[in-house]
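# I would like the atomic coordinates for the input below:
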Amino acid sequence: MSMVRYALRTAGFAALYLLATVAGLATPASSSGVRLFWPAAVVGALWLVAQARFGRRNLDVIALAVVAVLAPGSGDGLLHSFVQAVPQVVPALLFAWLFDRWLPGYWLGHGDRFRRVGPSLARLAGVAALGGLSAAVLLKVVNTELGFGEAGYVLVRDAAALVLVVLAARGVRRLTTRRGAKPADRPGLTLVR
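The predicted model follows:
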């Protein structure tokens, strides 16, 4: 991939992250600031997963950190914005790193015929739970007013959203590859001459 195309993809993910942040800020919040939905956590994690195959994860982490610091609602001052960006970037990086280790090629559907569904879903749920747990722990460290119930909600919210979005992306990818396949490549159809 050329550097120009990579920069355009990164800019697209950054714009999507900012839109997700604005959408998350529009949802109701608890007294300590936990939002009902926080799509920016999912977009940040998927940004790093989708860009992983290009081998420039360090640049993606830097770009995600910059966008998380500059995102609306990050904080009052620059230092506060940096502190608020940590619970956004670290869980996304942990999710992407574990996802690549525990489920290599799963994002693109590589090796699906050799992969059993049950263990794959269990690994995906484990990776998402660890990402959600890291977000909850870091939010609890950053925000001392955050209760344990709210931290548990952050864990469940982020983990469930990550699992659902990964499964939806795989489903869409599977549908688009089947539609683009030649009739001889589709399962169940045979060309007779």
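
# wait, residue 9 touches residue 51, no?
Yes - counting by C-beta atoms under 8 Å, residue 9 does reach residue 51; the two are 6.8 Å apart. Where you see a C-beta, it was placed from the backbone N, CA and C, and this is true even at glycine.

# return the helix or strand in the protein with minimum mean pLDDT.
Here the helix or strand of the chain ranked lowest by mean pLDDT, DSSP states H and E is helix 148-180, holding a mean of 90.

# buried residues in it?
Neighbour-count burial for helix 148-180, counted by 16 or more other C-beta atoms under 10 Å, picks out 150-151, 153-155, 157-159, 161-163, 165-166, 170.

# count of neighbours near residue 106?
20 (other C-beta atoms under 10 Å).

# quick check: it vs residue 161, distance?
17 Å (C-beta to C-beta, to the nearest Å).

# and the residue nearest to the spatial centre of the chain, what element?
Centrality entry for the chain: nearest residue to the mean C-alpha point is residue 45, 2.5 Å, by C-alpha atoms, centre = their mean. Secondary structure assignment for residue 45, by DSSP states H and E: helix 39-50.

# mind giving me the packing neighbours of that helix?
helix 3-25, helix 57-70, helix 78-102, helix 148-180 (3 or more C-beta pairs under 8 Å, 6 or more residues apart in numbering; DSSP states H and E).

# of all these, which lies closest to residue 121?
Of all those, the one in closest proximity to residue 121, counting by C-beta to C-beta, is helix 148-180 (8.1 Å).
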